[in-house]
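1. Sharing a sequence plus its predicted fold:
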Amino acid sequence: MSGVFALDTFDPVGSEYLRELFPDIIEQGHPDHSSWRDLAVGLFVAKSRITAEDIHESKRLKYIVRHGTGYDNIDAQACKQKGIILCNVPGAMNVAEVTLALTGACAKNLVELARQMRRGDKLNKRVKSLYSAALLTGKVFGIVGGGAIGQLAAQKFVGAFDGKILLYDPYVSVDSSSLWNSIPHTRVESLEELVPLVDVLSLHVPLLPTTRNMINMSLLKTMKPTSILINCARGGVVNEEDLWRALREGIIASAGVDAWVSEPPTKAVYGDVFDLENVVMSPHIGGSPAEVQTATCIGMCDRMREMIDGKIPRDRVA
């Protein structure tokens, strides 16, 4: 037995590849599956929660690969303490596309216009949403988080809108090998410096103790009243109650929300937030397309195989 366990189920095509690379993989339904703390050397994880207690109780565990970008369901600090390598598989392409789509829909007020058309409203220059449609070409786009997704989102903002990019990330590399060298941008030293300058603020950071509620009312109040906030990262990165208030009071113009504190987001939980005219919503669809799920599963498998074979871990986060 290789000691590789899959704590969750994955898409059918990707799972075929998983079984090819790891013929003796322990999956859900196997009698040893619940014994992973004693037997596992490597773990494939999607949404299962791995606590500090789980990590410290594990006897053989060396590697964890998280299917997808976010890893807030895994105690990364405990992994560091025990010397367990934790990697993720950033699904940069589709998340960046969702970021671009939400930005366009917010700027052009497409969702509210569609509502008005379905209601049979007379569409003319007196319609509020036509007044509020904004140009994006040449505007300032703030990227918070300079990893693979933030970089690709920046490329798309430049390509689609000839955008001016401001980057805030105190950890991203600035040496000659950095991929950011191919993207025209200006680095800023703090969120407080960044947010008053941007027309679109796009978030691409993991949910960590240091990033939880990093976007709050004190920052929102310094943004332009015409600005747009896009959250395709994690729900807890934004203080949601502060955001809803900012939208109701016109502190910012609109928000595109793909990541929520409560997921899946429902009307029962969010109530009249779903009725706000200046919110464009999606239910965390960055990794949803089947081709993305398959590619992510294949990437997950390749990372585990490489580590077991002694190669340098890719996309290591702990």
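-> Sure thing, it's come through. Given the structure is predicted, the values throughout are model-derived calculations rather than measurements.
2. if I've got this straight, residue 173 is in a strand?
-> No. Looking at residue 173 with DSSP: H, G, I helix; E, B strand; the rest coil, it is coil, so not inside a strand.
3. Let me see the contact set for it.
-> By Cβ atoms under 8 Å, 6 or more residues apart in numbering, the residues touching residue 173 are residue 180. Backbone N, C-alpha and C define where each C-beta goes, glycine included.
4. what about it, distance to residue 190?
-> Remark: distance between residue 173 and residue 190 (Cβ to Cβ, to the nearest Å) = 19 Å.
5. Residue 248 and residue 41: what is the separation?
-> In terms of Cβ to Cβ, residue 248 sits 51 Å off from residue 41.
6. so what secondary structure elements neighbour the helix or strand containing residue 305?
-> Per DSSP states H and E, residue 305 falls inside helix 290-308. Applying 3 or more Cβ pairs under 8 Å, 6 or more residues apart in numbering; DSSP states H and E, we find helix 290-308 packed against helix 12-21, strand 42-45, strand 63-66, strand 85-88.
7. Tabulate these (JSON lines), appending distance to residue 278, mean pLDDT and mean neighbour count.
-> As requested, those are exported to JSON lines (distance: least, Cβ to Cβ, whole Å; pLDDT from 0 to 100; neighbours: other Cβ atoms under 10 Å):
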{"stretch": "helix 12-21", "distance to residue 278": "38", "mean pLDDT": "94", "mean neighbour count": "15"}
{"stretch": "strand 42-45", "distance to residue 278": "36", "mean pLDDT": "98", "mean neighbour count": "25"}
{"stretch": "strand 63-66", "distance to residue 278": "33", "mean pLDDT": "97", "mean neighbour count": "26"}
{"stretch": "strand 85-88", "distance to residue 278": "32", "mean pLDDT": "96", "mean neighbour count": "23"}
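8. Which one of these lies nearest to residue 110?
-> Of all these, strand 85-88 sits nearest to residue 110, with 32.0 Å by Cβ to Cβ.
9. can you list the residues that contact that closest one?
-> Residues contacting strand 85-88 (Cβ under 8 Å, 6+ apart): 62-66, 68-71, 74, 76, 79, 303, 307, 313-318.
10. Extract the C-alpha set from that strand and format it as CSV.
-> Extracted C-alpha coordinates of strand 85-88, given in CSV (Å, rounded to 0.1, in the frame of the first residue of the first chain):
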residue,chain,number,x,y,z
ILE,A,85,4.1,19.7,3.1
LEU,A,86,0.8,21.3,2.1
CYS,A,87,0.3,22.3,-1.6
ASN,A,88,-2.7,23.7,-3.4
